[in-house]
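Visitor: Below are the sequence and a predicted model; questions follow.
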Amino acid sequence: MMQRHTSGARMRAVRAGWLASAVWCVVAVGCGGNGETASPSTADRSGGGGLIAKSPQDRSKVLVKEAEEAVRRGDRETALADFRRAIEINPRETSAFMGMGDLFRTEKDWGRAQELYERAASTDPRNFDAQYLNGLMLQMMERVSEAISAYLLALNLKPDDFKANLNLSAAYYQLDENSQALQYGRKAVQLQPRNGPARFNLGAIYAAMNLHQEAVQEYQQAAELMELTPSLLLNLAESYGRLRRFEEMRNTLIQLAESDPSGAVWERLGYVAFQLGKYDEALTAFEKSVAMAPDYTPGLNGVGVSYLNAWIKSDYKNATAHQKGIAALKKSLQVSPNQPKILELVTRYTNR
């Protein structure tokens, strides 16, 4: 009788894939665009000693150099002013756009950073950093389709870049385009086989494709290479459950409940206990889930189904269990009305 609730698990998998990609938001390519620098001098001398005015391109590069020095000193306002002056002198000064973009990215101002990286990419389409960071900012703003286009342009320039492959994989995964996500997720793992987040990301893609044996293998390898995060353990437990490896699922969830309990963790513990025929343990876990997250519908559904199960096993004589079961399911429907299976249970058993 126990009903499975997969929507929450799917959302956890989405968050897991995004976590794997978000790791690279903080290690994205550093300040500066094309890496060009200029001498700090402001004029060149001819052989006869007369001054020769620098070209706009030379003067803009001098300003970029001064702006980068201001960044290193922590003088943000001077850096921004110098970058802007460089662009006024030379509207095609890619490194100035990149430098300003890096400043705003550091401040997590994704929108302003994205506009600057996009301008850098338009002035220098073969600048990998500009294309990649434009994609990264678009992804951070959840403009995922646009991010994919930018990442593809970046990978045309550097097909074997690890970060671009990983984040492109995560972007396709966000759109549920899992065959495309798999292609780039595998590539990222091929490029860095001992990278835990890449393994985690690939496992989430396999799970979304219902390839849970492969997902478990990737999660297990990720667990050896990175911190055992709640998302990793929860996703591993979910795939164990899909493979009906319930004891392993239970053991993983017990470990997670001890280190980082949550409504979702206790709900999954209730589910696996129910599958193992441990009905009292299941009810206790579901009630803990609701205690931690009163409006968490999978937890409420677990409580409701557990009480109805107890009522049925009592040959329909345990009126208290019946009352509590229906009440929990009705509350779940109040929180989330679009649950046809739960509505069917309430309709079938309310007046029995």
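Guide: Here it is on my side, so go on. Numbers count the residues shown, from 1 in each chain.
Visitor: ranges for the strands of the stretch 101-250 of the chain?
Guide: Using DSSP state E, counting those that start in this stretch, the stretch 101-250 of the chain contains no strands.
Visitor: how much space between the closest residue to residue 244 other than its chain neighbours and residue 55?
Guide: Setting aside the residues directly before and after it, residue 244 is nearest to residue 275 in space (CB to CB, 6 or more residues apart in numbering), at 8.0 Å. All C-beta atoms are positioned from the backbone trio N, CA, C, and that covers glycine. Using CB to CB, to the nearest Å, we find residue 275 at a distance of 74 Å from residue 55.
Visitor: So between these two, which is more surrounded?
Guide: In this comparison of residue 275 against residue 55, neighbours counted by other CB atoms under 10 Å, the higher total goes to residue 275 at 16 against 11.
Visitor: Test my guess that the more buried one contacts residue 246.
Guide: Yes: when contacts are counted by CB atoms under 8 Å, residue 275 is listed as touching residue 246 (5.2 Å).
Visitor: List the contacts of residue 120.
Guide: Residues counted as contacts of residue 120 (CB atoms under 8 Å, 6 or more residues apart in numbering) are 33, 94, 97, 98, 101, 127, 129, 130, 134.
Visitor: Look up phi and psi at residue 280.
Guide: Dihedral pair for residue 280: phi -70, psi -40, per degrees, to the nearest 10.
Visitor: do the same with residue 350
Guide: Main-chain dihedrals, residue 350, degrees, to the nearest 10: phi -60, psi -50.
Visitor: Next, count neighbours for residue 156.
Guide: A count of neighbours around residue 156, defined by other CB under 10 Å, yields 12.
Visitor: for residue 260, same thing?
Guide: 14.
Visitor: can you check residue 338 too?
Guide: Around residue 338 there are 7 residues (other CB under 10 Å).
Visitor: Low-confidence stretches in the protein?
Guide: Along the chain, segments meeting pLDDT under 70 span 1-53.
Visitor: Quick one: residues contacting residue 165.
Guide: 155, 184, 185, 187, 188, 191.
Visitor: Swap in 10 Å and give it another go.
Guide: Neighbouring residues of residue 165 by CB atoms under 10 Å, 6 or more residues apart in numbering: 151, 154-155, 158-159, 183-192, 198.
Visitor: In terms of distance to residue 205, which of those ranks first?
Guide: For these, the residue nearest residue 205 by CB to CB is residue 185; the value is 5.0 Å.
Visitor: how close does the nearest residue to that closest one once chain neighbours are set aside sit to residue 216?
Guide: On the basis of CB to CB, 6+ apart, the spatially nearest residue to residue 185 that is not a chain neighbour turns out to be residue 169, at 3.8 Å. Look at residue 169 and residue 216: by CB to CB, they are 19 Å apart.
Visitor: Residue 99 against residue 129, yeah?
Guide: No: Residue 99 is beyond contact range of residue 129, at 11.2 Å (criterion: CB atoms under 10 Å).
Visitor: quick one on the thing from earlier: and residue 169 and residue 216? Which one has more around it.
Guide: The neighbour comparison of residue 169 against residue 216 (other CB under 10 Å) goes to residue 169, with 30 against 22.
Visitor: show me what contacts that one?
Guide: By CB under 10 Å, 6+ apart, the residues touching residue 169 are 17, 20-21, 151, 178, 180-189, 198, 201-202, 204-205.
Visitor: before we move on, which element is residue 77 in?
Guide: Element membership for residue 77 (DSSP states H and E) is helix 76-89.
Visitor: Can you give the distance from that helix to the centre of its chain?
Guide: Centre-to-centre, helix 76-89 and its host chain are 34 Å apart (CA atoms, centre = their mean, to the nearest Å).
Visitor: who's in contact with that helix?
Guide: 31, 54-73, 75, 93-104, 106-107, 116, 119, 123.
Visitor: So which of the contacts of residue 165 sit within helices?
Guide: Taking DSSP state H, the ones among the contacts of residue 165 that sit in helices are 151, 154-155, 183-191, 198.
Visitor: Show me which of the contacts of helix 76-89 are buried.
Guide: Neighbour counting by 16 or more other CB atoms under 10 Å classes 31, 54, 58-68, 70-71, 93-104, 116, 119, 123 among the contacts of helix 76-89 as buried.
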